[in-house]
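Peer 1: Sequence first, predicted model second:
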Amino acid sequence: MTPRLPLIAMGLAALLAMPTAAALDDLATARADRDAARAEAAADPVPLAVAAAAFPADDAADAARRLTTRIRADAARGGVLIENLATDPAAPAPLAMLTLRASGSEKAVVAFADALERGGPPVRMAAWRLSSAPGGVRLDARLVAPWRG
């Protein structure tokens, strides 16, 4: 064995040490990011609505009843006929969900839908469809509104 061979091996090891150290640092960073993402995913989800945006109710049935009253009042004020308004019993606790079918003149139905979305308490149309009907248009919608007890 020549005396140069150990020197060459040590020089090669020194050259490979820098990329190896950088790769180990990258691995540690990736593991820390993964652990942070897992902790964030396991954390409680962000509340659907802030308390100020939700309307007060005693329970889910009371929330659906209050929302129904508001929708019927807005429809009567705007000259819109409520054909069907049904509650969804499978709605999660902080939400009141209703299925709506309303009809009237195009201008009245669009104004009614606008009043629902803009008025208080906030009501959002999770799904909706506007179609022509005899004498005007028909709105089929799934309404969602947050409530607090």
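Peer 2: Everything's here; your move. Numbering: from 1, shown residues only.

Peer 1: Buried ones in stretch 61-78, by neighbour count?
Peer 2: Residues of stretch 61-78 classed as buried by neighbour count (16 or more other C-beta atoms under 10 Å): 63-64, 66-68, 70-71, 74-75, 78. (C-beta placed from N, C-alpha, C; glycine too.)

Peer 1: tell me which of the residues you listed is nearest to L95?
Peer 2: Closest approach between the buried residues of stretch 61-78 and L95, by C-beta to C-beta: A63, at 8.2 Å.

Peer 1: And the closest one, which helix or strand is it part of?
Peer 2: Using DSSP states H and E, A63 sits within helix 60-78.

Peer 1: Can you name the next helix or strand after that helix?
Peer 2: Downstream of helix 60-78 (by DSSP H and E), the next one is strand 81-87.

Peer 1: Okay, now the sheet partners of the strand ranked longest in the chain, with direction.
Peer 2: Identified as the longest strand of the chain according to DSSP state E is strand 136-148. Sheet pairing of strand 136-148 (DSSP bridges) gives strand 55-56 (parallel), strand 95-104 (antiparallel), strand 124-133 (antiparallel).

Peer 1: Need the residues that contact the helix-or-strand element of the chain with minimal mean pLDDT.
Peer 2: None of the helices or strands of the chain scores lower by mean pLDDT, DSSP states H and E than strand 55-56, at a mean of 74. Outside strand 55-56, the residues within contact range by C-beta atoms under 8 Å, 6 or more residues apart in numbering are 63, 66-67, 120-121, 145-149.

Peer 1: hmm, back to that, same question for the helix holding A63, mean pLDDT?
Peer 2: Averaged across helix 60-78, the pLDDT comes to 88.

Peer 1: what's it packed up against?
Peer 2: Using 3 or more C-beta pairs under 8 Å, 6 or more residues apart in numbering; DSSP states H and E, the elements in contact with helix 60-78 are strand 55-56, strand 81-87, strand 95-104, helix 106-118, strand 136-148.

Peer 1: JSON lines for the ones you listed, including distance to A13 and mean neighbour count?
Peer 2: Formatted as JSON lines, those follow (distance: least, C-beta to C-beta, whole Å; neighbours: other C-beta atoms under 10 Å):
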{"stretch": "strand 55-56", "distance to A13": "70", "mean neighbour count": "15"}
{"stretch": "strand 81-87", "distance to A13": "73", "mean neighbour count": "15"}
{"stretch": "strand 95-104", "distance to A13": "63", "mean neighbour count": "21"}
{"stretch": "helix 106-118", "distance to A13": "69", "mean neighbour count": "16"}
{"stretch": "strand 136-148", "distance to A13": "63", "mean neighbour count": "19"}
